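With the input below, show me the fold.
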Amino acid sequence: MLSSNKLTMIRFCCAPVVFFVWFFLVESEFSPRLGTLVLWALFLFSVATDVLDGYFARRMNQVTDMGKLMDPFSDVLLLVTHFVCFLAADLMGVWSLIIILWREFAIMFIRMFLIHRQVALGASFIGKLKTVLYFVGVAGGISALTLRVWLPAHPALPSVEYVCGLLLVIAALAALISLADYLRKCMKIIRDRG
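Numbers count the residues shown, from 1 in each chain. This next block holds a predicted model:
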């Protein structure tokens, strides 16, 4: 039977598959068209498992401390894998990726710090919104890759690549806002607990 934690682990395992598909299919001469189709399938599968994961956790009372930590970590691992591929494909600015990585490493540190104080910090609304914007950025990136591979001479390609870059900039800005929110919550917990 599927559970929230099992769905999280499935999404966690998708990250290396995304990289290998991008590296060995999309960026190679082997089969870039097949690669874009597989990337779309993995992306839609990961969105579906993320939605089902949340459904099982809340509706079936499967919320666990491990799930609170692993769910956002699995999302980040999967999404950052896409972002690294987009950077290599020249669809994402390096500073956008750096901001996102700084945010994610900082949140990892905050969560580890709070675990030592027996506090499991789950995702906030702003954190969830940030994740949605990450997913939108990934959809934009895969769209640009797909157009680049299937219709490289299409006149809309530069516009699609520009929109993709803009979506990823918005995701980076959301990452900064989310980091500020988590820092505020962490400081409040430290003050309250002494």
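
Just want the most central residue of this structure.
Using CA atoms, centre = their mean, the residue of the chain that lies closest to the mean C-alpha position is Leu79, 2.7 Å off.

which residues touch the residue nearest to it when sequence neighbours are not counted?
Closest residue in space to Leu79, ignoring its immediate chain neighbours: Tyr134 at 4.5 Å, by CB to CB, 6 or more residues apart in numbering. Just so you know, the C-beta spots here come from the backbone N, C-alpha and C atoms, and that holds for glycine as well. By CB atoms under 8 Å, 6 or more residues apart in numbering, the contact set of Tyr134 is 75, 79, 100, 171, 174.

So which other helices or strands are in contact with the worst-scoring helix or strand of the chain on mean pLDDT?
Ranked by mean pLDDT, DSSP states H and E, the helix or strand of the chain with the weakest confidence is helix 65-88, at a mean of 86. Other helices and strands packing on helix 65-88, by 3 or more CB pairs under 8 Å, 6 or more residues apart in numbering; DSSP states H and E, are helix 4-21, helix 32-59, helix 94-115, helix 125-150, helix 157-193.

tilt between the first one and helix 65-88?
For helix 4-21 and helix 65-88, the angle between their directions (axes from the mean of the first three to the mean of the last three CA atoms, to 10 degrees) works out to 20 degrees.

Same question for helix 4-21: list its buried residues.
4-5, 7-8, 10-12, 14-15, 17-18, 21 (16 or more other CB atoms under 10 Å).

which one of these is nearest Arg184?
Thr8 (26.3 Å; CB to CB).

Run a quick check on that closest one versus Pro72, I expect a contact.
No - using CB atoms under 8 Å, Thr8 makes no contact with Pro72, being 9.4 Å away.

Can you tell me how far the residue lying closest to Arg11 once chain neighbours are set aside is from Met112?
Spatial nearest neighbour of Arg11, excluding adjacent residues (CB to CB, 6+ apart): Ser74 at 4.5 Å. With distances taken as CB to CB, to the nearest Å, Ser74 is found 17 Å from Met112.

So which of those two has more stuff around it?
Ser74 (24 against 10; other CB atoms under 10 Å).

dump the residue contacts of the nearest residue to Leu78 once chain neighbours are set aside.
Sequence neighbours aside, Ala15 is the residue nearest to Leu78 in space, at 4.6 Å (criterion: CB to CB, 6+ apart). With contact set as CB under 8 Å, 6+ apart, Ala15 has these partners: 74, 77-78, 81.

I'd like these as TSV, with distance to Gly140 appended.
Converted to TSV, the contacts of Ala15 look like this (distance: CB to CB, whole Å):
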residue	distance to Gly140
Ser74	21
Leu77	20
Leu78	16
Thr81	16
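
Could you list the low-pLDDT ranges of the chain?
1-2, 62, 65, 122, 194 (pLDDT under 70).
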